[in-house]
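Engineer: Let's see this in three dimensions:
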Amino acid sequence: MKQTSKQILTMIALVLPLFLLPHATFAQSVNSYITADPLTGFAIGGMDPVSYFTEPAPLSGRPEYEYDWMGAPWLFASAANLEIFKRNPDIYAPQYGGHGAMSMARGFVSDSDPRFYAVFKDRLFLFYSAANREAFLLAPDAAARQGAEHWPTLSKTLSTQ
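Structural biologist: All right, here's what the predicted structure looks like:
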C-alpha cells in the first residue's frame, strides 16, 4: 500500500509540471514598452539594470555609459555592464516595462521605484513600495503569471511619448 502511494505521488510530481508549462509565460521576458523616469528621463531612474543581478544592491548608472533601447536611455555603472546588456537586454530589463509588478498582477498599471525590486526566476521585477514587493513574494509564481497575463492588454494603454 505504501509503495503504491509513493508511486502515485512520484507520477503526480513528474506529470504536474507538464500541465503548468503552458502557463509559465512569466519565465520569458515581458516587455514591449519601457517607461522612463519623468524626473531623470532615464529608464529605471538611471540605475544599472545589470547590477540588480550581479551586486548586493543596485548601482547608479554613469552618463558616460549610456545606451538607448526600446525608446528609453539606460545608464550603466561600467562599460562591462553596458556590453552585457547590449547582448541580451530582455534578460536584464525589468518586467512590464518597469511598471509595478504587483499592480500589474492585480490588473492595473502603476509606477515603480527602482529601490524596491526582486529578481525572481532570472527576471527583474520592480515595485511601487516595499509592501507591494512583500505581497509579490508571498506567491511570486502566481503574481508573475497574472502580471504576464495582464501585460498585453494594459501595455496597449500606455503612451510611448
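Engineer: can you tell me which residues contact Ala43?
Structural biologist: Residues near Ala43 by CB atoms under 8 Å, 6 or more residues apart in numbering: Ile34, Thr35, Ala36, Asp37, Pro49, Trp69, Ala72, Pro73, Trp74, Ala93, Gly98. Where you see a C-beta, it was placed from the backbone N, CA and C, and this is true even at glycine.
Engineer: Same check on Trp69?
Structural biologist: So Trp69 contacts Ile34, Ala43, Phe85, Pro89, Ala93 (CB under 8 Å, 6+ apart).
Engineer: Show the model's pLDDT score for it.
Structural biologist: What the model reports for Trp69 is a pLDDT of 93.
Engineer: And Ala36, by the same measure?
Structural biologist: Reported pLDDT for Ala36: 78.
Engineer: partners of it in the sheet?
Structural biologist: Ala43 (DSSP bridges).
Engineer: quick one: it and Pro73 touch, right?
Structural biologist: Yes: counting by CB atoms under 8 Å, Ala36 does reach Pro73; the two are 7.0 Å apart.
Engineer: just the strands in this structure please.
Structural biologist: 62-69, 72-76, 113-120, 123-127 (DSSP state E).
Engineer: measure Ala93 to Ala43 for me?
Structural biologist: Plainly put, Ala93 is 8 Å away from Ala43 if you go by CB to CB, to the nearest Å.
Engineer: Against Arg106, how distant is the spatially closest residue to Met70 that is not a sequence neighbour?
Structural biologist: Counting by CB to CB, 6 or more residues apart in numbering, Ile34 is the residue found nearest to Met70 once chain neighbours are left out, at 4.4 Å. Taking CB to CB as the measure, Ile34 falls 21 Å from Arg106.
Engineer: Between the two, which is the more surrounded one?
Structural biologist: Ile34 (22 against 15; other CB atoms under 10 Å).
Engineer: ok, back up a step: can you add distance to Ala135 and give the contacts of Ala43 back as a markdown table?
Structural biologist: Converted to a markdown table, those look like this (distance: CB to CB, whole Å):
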| residue | distance to Ala135 |
| --- | --- |
| Ile34 | 24 |
| Thr35 | 21 |
| Ala36 | 26 |
| Asp37 | 23 |
| Pro49 | 23 |
| Trp69 | 29 |
| Ala72 | 27 |
| Pro73 | 31 |
| Trp74 | 28 |
| Ala93 | 22 |
| Gly98 | 18 |
